[in-house]
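Student: Below are the sequence and a predicted model for it; my questions follow.
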Amino acid sequence: MAQIIIKNVRKEFGDFTAVKESSFTIEDGEFFMLLGPSGCGKTTTLRMIAGLELPTSGEIYLDGEEISQKPPSQRDIAFVFQMFALYPHMNVRKNLSYPLVSQGMGRKDVRAKVDEVAGILGIHDILNKPVGGLSGGDRQRVALGRAIVRDPKAFMMDEPLGALDAEFREHMSEELRALHDRMGATTVYVTHDQLEAMQMGDKIVVMNNAVVEQFGTPQEIYDKPATMFVADFIGSPSMNFLNFNGKVGDGATSVDLGGQSHAVPRQSQGASGDLVFGVRPEHITLSDSGSYRGEVLASEYLGTTQIITLATPNGEAKARIDSTQVARVGEQVSLSFNAPKVTLFDKSSGHALRSELNEKVLSHG
Amino acid sequence: MAEVVLKNLSKSFGSEVGVEDISMTIPDGAFVVLLGPTGAGKTTTLRLISGLETADQGEVWIDGRNVGSETPAQRDVAMVFQQYSLYPHLTVRDNLAFPLKSPILNTPAAEITRKVDEVASVLQISHKLDNKATALSGGEMQRVSIGRALVRDPSIYLMDEPLSSLDAKLRTDLRVELKRIQASLGATLLYVTHDQIEAMTMATHVGVLNEGRLVQFGTPRDIYENPNSLYVASRLGLPRINVLPADVFSGMPPGTSQIGLRPEHIAQGDGQEAEVLRVEHLGDQNRLHLTLKGHAITTIADPTIDYAPGTMLKIAPKNPLCFDPHGNRIR
């Protein structure tokens, strides 16, 4: 198993730039997510690591060795696709054996290895069945098994759960993560589903328009977004953006929003003009008394919590509050914000302003 | 708008049960969501009300009339399907106007224009009225197909998973939108889905279906907090409710065979020792995967506390739901 280093990797298809100079490091044994909307370059990045595409420039290191121009067969990486391509005319055992047989492994060793992998995946009882009659979950397990038998240095997975329905996906994602925890194999996983990325990943790279927007642990990315894109893409409902025009001084600990002063983490970067006050739904509290007020537009019951949509002087906002608290549509309520968790953004660039909250994260990413 | 009453409705397709003995009142102005997995009878119920299927037994009453012998057109219902079927050769305006031009309604031209403009502004597609229907994004097409139902003033709107083919962000927006439109029109709406979030967030009443039977009917809060069976309890809630044998924790009422513990109904710091297997960081909360006496348990925790895998954590049930061996609630 191995560390993977991506260094200034760039990929062009003719005039189209799929990935602009990107750098990040995938540590040995990590479950690493490449997250972004369709067309952001995440799959191209994955394919470059696997060797299915060659980068236009830049370097890729696998286990210390520069591999960016090597063919896939010399990289020792296993790839699991969204559509699990199994050999339909072979039974499960033969499908699992195939990668080993083609490597020239002896029959006895193949048998032992396949049995071991079948044990890991819990598919011993279907080894002699044809793959045609298998359920979606079992087919997915066999596809995984075929990747695992080779003992590769790393696994590449391209939305392996994308084709499954919601309930089953939840189940398979837990199974996949548990499998990773048992084997400790470096895994790079592409998804456009932010919840899947947060749930399964040790680290996440968020990509947009061929650029790496941010790279870090799920909690870091959630709490300290580097850009408005990341803040909006991660979390459901996403971060609220309250627009205001004003000036923030270096060292400021409050900003003026709708004629009211609101505390923010100590800023270490001044800015002025069109700015954005970014606050997550769970960091808004509603009460009767207070001078920053908004109208309740809608409430959505979610069991223990509810989502309240509000019209504020600075735009629409959603708050996540306890479902025992009453908020009626049409009512005026006052909003207060959990100051230490607020991020300010420069609206035109979309970048977060540096503050004591995010300074450490922004300086390394 | 009107009240719709179902009385002992049954329908089979050969030996397949579609729905069985469903009785339900959809109050005037209510937003009723039928929730259940594939094959539970949701769509069949909708089609029985609209007249696209004929019931084997039972009655459908719309606005005080038994509509058993009426055609779908006479029943005056408007349907929205999962697959938006727009007329590709018509503009958005003509698509919206189409139902009003039906000979049965015979609407004057000025009235058609007024209605179409009004609905287009509610759905925020006014600027696209002169586009061809095919020159729209998926979300816009679905809004047009909802709009085509809204231009009419039917007794009831029937919607069959209208949001399920849209992407996550748009679905969230349209959820709020649809709820707002329904409330502002005071419309009676019956909505079918297998998505529990849609059911909880939009409905005034939720009907839970299981294998063709209506197993519980009530407000979302009632269904979530007060389910009458293990089946209903498992339909709502994310992460799913934990189901454990009664003897894992002591002090359950006699006759309890299983308990249901919602992830947020587990107190930490007291009780039985469970091992933390894995922590998921969702941002606003952490999800803890625990194991206790060989049973997997999911609970939630504050994102500021990080437990390493292997940590032992004491947990105790808070408001457990108790069920008998048949899965019925013991209160």
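Tutor: Cool, the structure landed.
Student: How about the residues of chain A by chain B?
Tutor: Neighbours of chain B within chain A, by C-beta under 8 Å from any C-beta of the partner chain: A:166, A:174, A:177-178, A:181, A:193, A:195, A:198-200, A:217-219, A:222-223, A:234-237, A:280-282, A:297-298, A:300-304, A:307, A:309, A:320, A:323, A:329. All C-beta atoms are positioned from the backbone trio N, CA, C, and that covers glycine.
Student: pLDDT of the longest helix belonging to chain A, averaged?
Tutor: Longest helix of chain A, by residue count under DSSP state H: helix A:166-183. Helix A:166-183 carries an average pLDDT of 82.
Student: between the helix or strand following it and helix A:166-183, how big is the angle?
Tutor: For helix A:166-183, the following helix or strand on the C-terminal side (DSSP states H and E) is strand A:186-191. On the basis of axes from the mean of the first three to the mean of the last three C-alpha atoms, to 10 degrees, strand A:186-191 is oriented at 160 degrees to helix A:166-183.
Student: How about A:Leu353, nearest residue that isn't a chain neighbour?
Tutor: A:Leu344 (4.4 Å; C-beta to C-beta, 6 or more residues apart in numbering or on different chains).
Student: and what of B:Glu161?
Tutor: Leaving aside its sequence neighbours, B:Glu161 sits nearest to B:Gln82 (C-beta to C-beta, 6+ apart; 4.3 Å).
Student: what's the neighbour count on residue 103?
Tutor: Defaulting to chain A. Using other C-beta atoms under 10 Å in any protein chain shown, the number of residues around A:Gln103 comes to 10.
Student: ah, no, chain B please
Tutor: Neighbour count for B:Pro103, taken as other C-beta under 10 Å: 6.
Student: for B:Pro108, same thing?
Tutor: The burial count for B:Pro108: 9, using other C-beta under 10 Å.
Student: picking up where we left off before, may I have the phi/psi pair for the residue nearest to B:Glu161?
Tutor: phi -60, psi -40 (degrees, to the nearest 10).
Student: got the buried residues for stretch A:318-328?
Tutor: Buried residues in stretch A:318-328, counted by 16 or more other C-beta atoms under 10 Å in any protein chain shown: A:Lys318, A:Ala319, A:Arg320, A:Ile321, A:Ser323, A:Ala327.
Student: Please identify which two of those residues are farthest apart in space.
Tutor: For the buried residues of stretch A:318-328, the farthest-apart pair by C-beta to C-beta is A:Lys318 and A:Ser323; their separation is 14.6 Å.
Student: Against A:Thr285, how distant is the residue nearest to A:Gly290 when sequence neighbours are not counted?
Tutor: Sequence neighbours aside, A:Ser334 is the residue nearest to A:Gly290 in space, at 3.0 Å (criterion: C-beta to C-beta, 6+ apart). A:Ser334 sits 9 Å away from A:Thr285, going by C-beta to C-beta, to the nearest Å.
Student: returning to what we had before: what strand or helix carries the residue nearest to A:Leu353?
Tutor: Here A:Leu344 sits within strand A:343-346, counting by DSSP H and E.
Student: Export only the CA atoms of that strand, formatted as PDB.
Tutor: Only the C-alpha atoms of strand A:343-346 are listed here, as PDB (Å, rounded to 0.1, in the frame of the first residue of the first chain):
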ATOM      1  CA  THR A 343     -16.900  33.100   7.600                       C
ATOM      2  CA  LEU A 344     -16.800  36.300   5.600                       C
ATOM      3  CA  PHE A 345     -16.300  36.200   1.900                       C
ATOM      4  CA  ASP A 346     -15.300  38.600  -0.800                       C
END
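Student: Could you name the helices and strands sitting against it?
Tutor: Strand A:343-346 is packed against helix A:228-233, strand A:271-279, with contacts defined by 3 or more C-beta pairs under 8 Å, 6 or more residues apart in numbering or on different chains; DSSP states H and E.
Student: average pLDDT for that strand?
Tutor: Strand A:343-346 comes out at a mean pLDDT of 97.
Student: Quick one: residues in contact with that strand.
Tutor: A:224-225, A:227-228, A:231, A:239, A:241, A:248, A:255, A:264, A:267, A:271, A:273-279, A:351-353, A:355, A:357-358 (C-beta atoms under 8 Å, 6 or more residues apart in numbering or on different chains).
Student: go with 7 Å
Tutor: Residues outside strand A:343-346 that contact it (C-beta atoms under 7 Å, 6 or more residues apart in numbering or on different chains): A:225, A:228, A:231, A:248, A:255, A:264, A:267, A:271, A:275-278, A:351-353, A:357-358.
Student: Would you format the buried residues of stretch A:318-328 as TSV with pLDDT and secondary structure included?
Tutor: Output for the buried residues of stretch A:318-328, formatted as TSV (pLDDT from 0 to 100; DSSP: H, G, I helix; E, B strand; the rest coil):
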residue	pLDDT	secondary structure
A:Lys318	96	strand
A:Ala319	97	strand
A:Arg320	96	strand
A:Ile321	96	strand
A:Ser323	91	coil
A:Ala327	92	coil
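Student: which among the residues you listed gets closest to A:Ser102?
Tutor: Of the buried residues of stretch A:318-328, the one sitting nearest to A:Ser102 (C-beta to C-beta) turns out to be A:Arg320, at 52.6 Å.
Student: Can you tell me who that closest one pairs with across the strands?
Tutor: Beta-bridge pairing of A:Arg320 under DSSP bridges involves A:Ile307.
Student: Helix or strand: which one has the spatially closest residue to A:His124 that is not a sequence neighbour?
Tutor: Counting by C-beta to C-beta, 6+ apart, the nearest residue to A:His124 once its immediate chain neighbours are dropped is A:Ala118, at 4.8 Å. Here A:Ala118 sits within helix A:107-121, counting by DSSP H and E.
Student: Next up, phi/psi of the residue in the stretch 51-200 of chain A that chain B sits nearest to, please.
Tutor: Closest to chain B within the stretch 51-200 of chain A is A:Gln199: 4.7 Å, counting by C-beta to the nearest C-beta. The phi and psi values for A:Gln199, taken as degrees, to the nearest 10, are phi -70, psi -40.
Student: Give the full set of residues in contact with it.
Tutor: So A:Gln199 contacts A:Ser173, B:Glu280, B:Leu282 (C-beta under 7 Å, 6+ apart).
Student: give me that answer again for 6 Å
Tutor: B:Glu280 (C-beta atoms under 6 Å, 6 or more residues apart in numbering or on different chains).
Student: any idea how far it is from B:Arg171?
Tutor: Plainly put, A:Gln199 is 19 Å away from B:Arg171 if you go by C-beta to C-beta.
Student: Likewise for B:Ser257?
Tutor: 38 Å.
Student: can you check A:Ile120 too?
Tutor: Per C-beta to C-beta, A:Ile120 is found 37 Å from B:Arg171.
Student: Among these two, which residue is more densely surrounded?
Tutor: Taking other C-beta under 10 Å, A:Ile120 and B:Arg171 do not tie; B:Arg171 has more neighbours (18 against 15).
Student: need the contact list for A:Val361.
Tutor: Applying C-beta under 6 Å, 6+ apart, the residues near A:Val361 are A:Glu220, A:Lys224.
Student: List the buried residues of the helix or strand of chain B with the lowest mean pLDDT.
Tutor: The weakest-scoring helix or strand in chain B, judged by mean pLDDT, DSSP states H and E, is helix B:168-185 (a mean of 83). Under the neighbour-count criterion of 16+ other C-beta under 10 Å, helix B:168-185 has B:Leu170, B:Arg171, B:Thr172, B:Leu174, B:Arg175, B:Val176, B:Glu177, B:Leu178, B:Lys179, B:Ile181, B:Gln182 buried.
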